[in-house]
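[1] Fold the following and give me the result.
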Amino acid sequence: MSEPSTESPLSAANIHLWKSFYKHEVAVSYLGYFLQLPNLRQGEVQLFGKTYPTPRLEAFFGEAGLSYSYSNQRFNALPWCPILSEIRDAVEQTTQHSFNAVLVNLYRNGADSNGWHADNEAELGEDPVIASLSFGAARKFHLKTNTGNKTVKILLEHGDLLLMGSGVQREWKHCIPKSPKVTTPRINLTFRKIIIK
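    Numbers count the residues shown, from 1 in each chain. Below you'll find the model as predicted:
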């Protein structure tokens, strides 16, 4: 793992980026593991009264009894596996934030995407902090303010760790747009803390 050193230019939005958090060989091993996860599934989202397949595969892991809902989908947490627990511990040590759940996303190629959104569901509390870890194909990560007057694009590459800190989900939206030239898969682990009431 790399030392936490490189921050994005978007420091005003409290976003931090660690390039090559995992070195190439380790990241390749993790990518192979997550591509074989049997729990990944394609859900459905509702837009303007119509139902569409989610343009990626997902699986949700976390502490026993946790659940997470968004876009009319509900996930009950699968138990932590040793690999995910190992990665979570490393992410927590570096970011100095604790997480009790992770959403695993598989973008099969550049046709898969994630539209503009904020991770602001009630289960995440008033000011969520999200850690995003990437394995596989490099993809552009876009952010824009809710007012639309500022945008940022960050290339997330194999082994990179991004932290969206305090205030980001309240003031910004983010997305992974389609990228037709990308032909290989990307795994994205988004660590979060579900508020237990």
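
[2] rest of the way, CA atoms for contacts and neighbours
    Fine.

[3] what does stretch 37-52 contact?
    53-59, 71-73, 104-106 (C-alpha atoms under 8 Å, 6 or more residues apart in numbering).

[4] so which of those residues comes closest to Asp127?
    Comparing these against Asp127 with C-alpha to C-alpha places Ser71 closest, at 19.3 Å.

[5] From the centre of this protein, give me the residue that's furthest out.
    Gly49 (26.5 Å; C-alpha atoms, centre = their mean).

[6] Let's see the ChimeraX selection covering just the buried ones among the contacts of stretch 37-52.
    Restricted to buried positions by 16 or more other C-alpha atoms under 10 Å, the ChimeraX selection for these reads:
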select :54,55,56,57,58,59,104,105,106
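
[7] So which of the contacts of stretch 37-52 are in strands?
    Applying DSSP state E to those, the entries found in strands are Pro53, Leu57, Glu58, Ala59, Gln73, Val104, Asn105, Leu106.

[8] which of these lies closest to Ser98?
    For the ones in strands among the contacts of stretch 37-52, the minimum distance to Ser98 (C-alpha to C-alpha) is 17.2 Å, reached by Val104.

[9] what about that closest one, distance to His24?
    Val104 is 20 Å from His24, where distance means C-alpha to C-alpha, to the nearest Å.

[10] same question, Gly136
    Applying C-alpha to C-alpha to Gly136 and His24 gives a distance of 10 Å.

[11] Start from the N-terminal end of the protein and give the helices.
    24-35, 82-95, 168-171 (DSSP state H).

[12] Turn these into a markdown table, including mean pLDDT, distance to Glu44 and mean neighbour count.
    Below are those laid out as a markdown table (pLDDT from 0 to 100; distance: least, C-alpha to C-alpha, whole Å; neighbours: other C-alpha atoms under 10 Å):
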| stretch | mean pLDDT | distance to Glu44 | mean neighbour count |
| --- | --- | --- | --- |
| helix 24-35 | 98 | 21 | 15 |
| helix 82-95 | 98 | 25 | 15 |
| helix 168-171 | 93 | 23 | 19 |
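
[13] Please name the strands paired to the least confident helix or strand in the chain by mean pLDDT in the sheet, noting orientation.
    Ranked by mean pLDDT, DSSP states H and E, the weakest helix or strand in the chain is strand 44-47, scoring a mean of 79. When pairing is defined by DSSP bridges, strand 44-47 lines up against strand 50-53 (antiparallel).
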